[in-house]
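> Got a sequence here, can you model it:
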Amino acid sequence: MLEVAARWREHVDIAALAPREARAIVHEFLGDVPFYELGSSRGRRAAGGPLLALEYVKRAVEATTRRPPPADVGVAASHFLPDAAALASLVRHGALGVAYVYHLVATRTDHSLRTIWSKGDERVGLALLGRRARIIFSSNAATAAALRRRGFDPVATTIGIDVGSFVQANPRELPPRAVFLARLARTKGVRDAVQAWARVRRTVPGARLVMVGTGPEREPAAALAERIGISDAIEWRGFVSEAEKRRILANSRVLLAPSYEEGWGIAVCEALASGVPVVAYRHHVLDEVFGAAYAGANPGDVETLADLAVRVLTDARYAEELTEIGRKTAERYDVGGIAEQELETILRARCGS
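This is a model prediction of the structure:
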């Protein structure tokens, strides 16, 4: 969303409404734009569980009860409760409502408290958007179809990245190092990555895995790494800047992405743009967006995931084939054209209103 907004700023004025800790990254992308604080994502509140749910509710209430910043258009980066509530408030004060829906959680089958909460949050968020959003952008066919069944008329889009800003890796010249790049949440397969890396190390003893991201799965996954004897092979980097993320990708020979849910695959595309082969759990959306540009294992098949990572690390020709296909595929998703199309859709709706 920030990549897109940076392009929009050439044509319209931009302001941001976000938790206070997001100020630095907003300014990294957008420069010194007006920034309005809404809630916090610090410490235990960001870790998940009841405190995070309470923080979501708090943000939604605050967004609903206080006067929003002046805006002709309000854009919600997701369909979840705080974003939907803030958008609804902006629309009540005269803005055109726009929202992005990347994927839905209603199909989750487990009965954990987190899933129950997420489904309830999604229902309320979608109800607000159904009443208030004029435009719903959707980035994949499955999510678009699910939205239509709920009475929405989504506008097809895709996610864009600044392809040219990614430093090109040269995997052949690098040591056997992989990167995991995602929020450290259960649905991202954090513990699967650790288990897969234990298998990789049996064949490639010096292989290292860099884990980039924060979230509730860090401690359980680190404990698992300690228990199975590979803690010395995993580096936990936490949150990193955009510039550091690009450096890490450029120094990696493979992206490990064992996610159980995907709305599009931003990290996958960023790796492909860097010339880094991707080994991931296979999903319809990844097949739709990236086709043969990544190597896929069935979700939960840690052994095959590890075997594919080993192949990338040990078979130079195979790795180079993935690199070449990946770079060509990533070029289709350069953010400039995507941002232009989305802004045209928004401004057309605004003028029509």
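
> C-alpha only now, for contacts and for neighbours.
Noted.

> any idea how far the lowest-mean-pLDDT helix or strand in the chain is from the chain center?
One helix or strand of the chain scores below all others by mean pLDDT, DSSP states H and E: helix 49-65, with a mean of 88. Computed by CA atoms, centre = their mean, to the nearest Å, the chain-centroid distance of helix 49-65 equals 21 Å.

> contact partners of that helix?
For helix 49-65, contacts defined as CA atoms under 8 Å, 6 or more residues apart in numbering pick out 38-40, 44-46, 81-83, 85-86, 88-89, 114, 117.

> what do you get if the cut-off is 7 Å, keeping everything else the same?
38, 39, 45, 46, 81, 82, 85, 86, 89, 114 (CA atoms under 7 Å, 6 or more residues apart in numbering).

> Flag every buried residue along the helix or strand following that helix.
Sequence-wise, the next helix or strand downstream of helix 49-65 (DSSP states H and E) is strand 73-76. For strand 73-76, a neighbour-count test (16 or more other CA atoms under 10 Å) marks 73, 74, 75, 76 as buried.

> How about the contacts made by the last one?
I take that to be residue 76. Residue 76 sits in contact with 83, 84, 87, 98, 99, 100, where contact means CA under 7 Å, 6+ apart.

> In helices only, show me those.
When the contacts of residue 76 are checked against helices (DSSP state H), the matches are 83, 84, 87.

> State the distance from residue 205 to residue 199.
As judged by CA to CA, to the nearest Å, residue 205 and residue 199 stand 10 Å apart.

> same check, this time on residue 151
Residue 151 is 46 Å from residue 199, by CA to CA.

> Looking at the two now, which is surrounded by more residues?
More crowded of residue 151 and residue 199, by other CA atoms under 10 Å: residue 199, with 20 against 9.

> Now do the contacts for the nearest residue in space to the more buried one that is not next to it in sequence.
Of all residues not flanking residue 199 in the chain, residue 306 sits nearest, at 6.1 Å (CA to CA, 6 or more residues apart in numbering). The neighbourhood of residue 306, defined by CA under 7 Å, 6+ apart, consists of 196, 197, 199, 200.

> From the residues you listed, list the buried ones, please.
196, 197, 199, 200.

> Tell me if the third one really is in a strand.
No. If the criterion is DSSP: H, G, I helix; E, B strand; the rest coil, then residue 199 is helix and not within a strand.

> Just the pLDDT at it, thanks.
Note on residue 199: pLDDT of 97.

> I'd like the distance between it and residue 207.
With CA to CA as the criterion, residue 199 and residue 207 are 10 Å apart.

> Repeat that for the second one.
When distances are taken as CA to CA, residue 197 and residue 207 turn out to be 8 Å apart.

> Identify the residues contacting the closest residue to residue 177 other than its chain neighbours.
Nearest residue to residue 177, sequence neighbours excluded (CA to CA, 6+ apart): residue 208, at 4.8 Å. Residues near residue 208 by CA under 7 Å, 6+ apart: 176, 177, 178, 233, 234.

> If we use 8 Å, what do you get?
176, 177, 178, 233, 234, 235.

> of all those residues, which two lie farthest apart?
Across the contacts of residue 208, no pair lies farther apart than 176 and 235, at 13.6 Å, counting by CA to CA.

> of the two, who's got more company?
Set side by side, residue 176 and residue 235 give different neighbour counts by other CA under 10 Å, the larger being at residue 176 (21 against 14).

> Sort out for me which of the contacts of helix 49-65 are in strands.
Mapping those onto strands (DSSP state E) picks out no residues; all lie outside.

> ok, how many other residues are close to residue 232?
10.
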